[in-house]
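Peer 1: Need a 3D model of the sequence below.
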Amino acid sequence: MANTILKLENVSVYQKDIMVVNEVTFTVEEGEFVYFVGKTGSGKSSLLRIIYADLPLKKGFIEVAAYNIHLLKNKQIPYLRRKLGIVFQDFQLLFDRTVNENLIFVMKATGWKDKKKMDAAINVVLEQVDLSTKGHKMPHQLSGGEQQRLAIARALINKPLLILADEPTGNLDPTTSAGIMELLMDIKKQGTAVIMATHDYDTIHKFPGRLIHFQDGKANEIGSLEEAHL
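Peer 2: Predicted coordinates for the structure are as follows:
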C-alpha cells in the first residue's frame, strides 16, 4: 500500500491578505504525478510555496513528508526541504559556480559534510539527468534544457519524497519540454511523487496525471481538461 506523502485539509491560500483559494482538501501518495492547472493568479504557485514553507499556512492543515506545516519551527525548515525537491521555471541556478558547485551549495545548506559521499551522490544524480560529462561547466555554457536538467538534479540530490515543479517547461521549446517531462515521469516511476503547476495543456495530454483545477476560489480534482473547458 502506497504511503501518503502530502495531506491537505481545508487549506486556504492567501496572496498578501486576499484569499484566492478556500477549503483545499486532497492527498498525494508516493509515486503519483499531479498537475495543478488554472489561470495565472488562481493560487497554484502560492499553494506550492505554502507546502515547502516559503509562505505561512494561515488556515487549514498540511502534512508533508510527516511534517505538520502549521507546527513547523524555522529551524526545522531545512530538514523539511531535504524531503522535498523544488524546481522553478527560471531555474534559479548560481551562475558564478560550476554545475558541481551548484549541487555542493545545496548539499551543504541541507547538512551534508562528507566530501566522498557528496561526490558519489553528485555522480549518481548527474548520470540520472544525463549531465554526467558537464560537472565542470558553468551554467551559461549549458542549453536551456540542460539548465533545467541541472535544476532537477539539484531537486533530486537529497532523494526527496516529493518534487514540487512550478512551470518547469515554461521557458523551453516543445522538444526540450518533452525531454524534461520524460525525466520527471522516470522520477515518478521510481516512487517519488511529483506535483507540477503548468499552463502547458499539450504536455498534460502527452503525459497524463491527476488534475487539480484552480478556479473561482476552489481547487477541485477533475477527470480531464475538457471537463474544465481547458
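
Peer 1: burial of the residue nearest to Asn158 when sequence neighbours are not counted, as a residue count?
Peer 2: Spatial nearest neighbour of Asn158, chain neighbours left out: Arg82 (4.6 Å); criterion: C-beta to C-beta, 6 or more residues apart in numbering. To be clear about C-beta, it is placed using only N, CA and C from the backbone, and glycine gets the same treatment. The number of residues packed near Arg82 is 20, by other C-beta atoms under 10 Å.

Peer 1: The one 5 residues further on now?
Peer 2: Val87 has 23 neighbouring residues, counting by other C-beta under 10 Å.

Peer 1: what residues are up against the nearest residue to it once chain neighbours are set aside?
Peer 2: In space, and not counting its chain neighbours, Val87 is closest to Ala165: 4.1 Å by C-beta to C-beta, 6+ apart. With contacts defined as C-beta atoms under 8 Å, 6 or more residues apart in numbering, the neighbours of Ala165 are Ile86, Val87, Ala155, Leu184, Val194, Ile195, Met196, Ala197.

Peer 1: And the next helix or strand past the helix or strand harbouring the fifth one?
Peer 2: Okay, so that is Val194. Taking DSSP states H and E as the criterion, Val194 maps to strand 193-197. As assigned by DSSP H and E, the chain's next helix or strand after strand 193-197 is helix 201-206.

Peer 1: Can you tell me what sits against that next one?
Peer 2: By C-beta under 8 Å, 6+ apart, the list of residues contacting helix 201-206 reads Tyr35, Val37, Thr169, Pro174, Ser177, Ala178, Met181, Thr198, Leu211, Leu225, Leu230.
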